[in-house]
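1. need coordinates for the below:
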Amino acid sequence: MLAEMTVKTVAIFRNLPAGALAELARGSMILDCADRTMIFQKGDAADHVYAVVGGPGRVRIGSGDDSGKNLMVEVVGVGELFGELGILNHGVRTADALTEGPLRLLRVSAPVFMQVLHTAPGLGAALAQALAARLRRTYSLLEDATFESVEQRLARQILYLGDKHGRLVPGGVRLNGRYRQGDLADLLGVTTRSVITVLNGWRQIGIVEYDTSSGHITVLDRAKLLVAARRRFA
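-> The predicted structure follows:
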């Protein structure tokens with residue numbers, strides 16, 4: 001019963017018919033995860049699809065190498081699906097999925113997910129839209145990494161995260177969760193020092209407030225941040 005109620009909270013499942021929702025619920029399990037729980041790792045068999053359905057935490061999608069260098073590809077919050085790519089192409093995981101903060105997940109078995117995908121056209125349409133949006137974002141990130149400055153790229157990431165996972169607080173919009181300077185560097189694939197330089201400059205002119213101890217970022221002046229995101233450098 002809990003799984004059936006929870007399935008309806010996932011954006012991509014929301015408009016499916018009752019029969020499809022019930023089938024997804026029968027093939028699902030609720031997982032309560034602590035901070036720093038590894039959901040899956042790059043190279044693992046893709047046997048489940050996951051969705052974040054509760055809790056203050058998030059899921060970090062990315063990968064690292066033996067030298068300690070990390071890349072954060074995406075941040076997944078409540079109502080969002082992840083882990084579907086390996087299911088769709090019958091492959092293995094192409095990235096790690098790690099929880100940051102406590103959260104609740106819905107885990108759907110791959111056979112059930114694929115069965116509903118084949119029998120409920122609405123899921124296919126919603127999934128295509130989600131994947132198209134992700135592909136567009138991936139292309140944008142690649143383009144930015146090739147042509148734009150660290151300041152412009154960081155501004156665009158913070159605007160994206162604020163729109164996606166932000167909440168209104170006195171004075172501005174705070175990004176949900178903690179974003180350490182290393183996390184922001186991982187999002188851009190740059191050094192932590194580069195991120196610190198940009199953040200310090202923004203703090204001095206009142207664009208953002210950044211609490212280094214808590215990792216909380218608050219956008220104080222969205223208009224100026226938009227200018228930074230659009231600025232071109234010779």
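2. once you drop chain neighbours, what's closest to the residue nearest the centre of the chain?
-> Among the residues of the chain, the one closest to the centroid is residue 75, at 2.0 Å (Cα atoms, centre = their mean). Distances taken as Cβ to Cβ, 6 or more residues apart in numbering place residue 58 nearest to residue 75, at 5.3 Å, with adjacent residues excluded. All C-beta atoms are positioned from the backbone trio N, CA, C, and that covers glycine.
3. I'd say the one you found and residue 77 touch.
-> Yes: between residue 58 and residue 77 there is a contact under Cβ atoms under 8 Å: 5.2 Å.
4. which residues are common contacts for the two?
-> When contacts are counted by Cβ atoms under 8 Å, 6 or more residues apart in numbering, the set common to residue 58 and residue 77 consists of 52, 165, 176.
5. beta-bridge partners for the first one, please?
-> To tie it back to what came earlier, the one meant is residue 52. Bridge pairing for residue 52 (DSSP bridges) gives the partners residue 105.
6. give me the domain ranges for this structure.
-> Using automatic domain parsing, the domain ranges for the chain come out as 2-136, 148-230.
7. turn those domains into TSV, columns for mean pLDDT and distance to residue 142.
-> Converted to TSV, the domains of the chain look like this (pLDDT from 0 to 100; distance: least, Cβ to Cβ, whole Å):
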stretch	mean pLDDT	distance to residue 142
domain 2-136	92	11
domain 148-230	93	11
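8. quick one, what contacts residue 15?
-> Neighbouring residues of residue 15 by Cβ under 8 Å, 6+ apart: 122, 126.
9. on the three-state scheme, it is what?
-> Classification of residue 15 by DSSP: H, G, I helix; E, B strand; the rest coil places it in coil.
10. residue boundaries of the helices in the chain?
-> 2-7, 18-26, 84-88, 110-119, 121-147, 150-165, 181-188, 192-204, 222-230 (DSSP state H).
11. can you redo those helices as JSON lines with distance to residue 101?
-> What follows is the helices of the chain, written out as JSON lines (distance: least, Cβ to Cβ, whole Å):
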{"stretch": "helix 2-7", "distance to residue 101": "19"}
{"stretch": "helix 18-26", "distance to residue 101": "25"}
{"stretch": "helix 84-88", "distance to residue 101": "22"}
{"stretch": "helix 110-119", "distance to residue 101": "26"}
{"stretch": "helix 121-147", "distance to residue 101": "23"}
{"stretch": "helix 150-165", "distance to residue 101": "12"}
{"stretch": "helix 181-188", "distance to residue 101": "12"}
{"stretch": "helix 192-204", "distance to residue 101": "21"}
{"stretch": "helix 222-230", "distance to residue 101": "25"}
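12. just send these back as TSV, with mean neighbour count too.
-> Listed next are the helices of the chain as TSV, based on neighbours: other Cβ atoms under 10 Å:
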stretch	mean neighbour count
helix 2-7	16
helix 18-26	17
helix 84-88	18
helix 110-119	16
helix 121-147	13
helix 150-165	20
helix 181-188	20
helix 192-204	16
helix 222-230	15
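13. quick one: which of these is nearest residue 171?
-> Nearest of the helices of the chain to residue 171, taken as Cβ to Cβ: helix 222-230 at 11.6 Å.
14. which parts of stretch 54-68 are buried?
-> Neighbour-count burial for stretch 54-68 flags 54-55, 57-63 (criterion: 16 or more other Cβ atoms under 10 Å).
15. ugh, wrong one, I meant stretch 88-98
-> Within stretch 88-98, the residues that count as buried by 16+ other Cβ under 10 Å are 93, 95-98.
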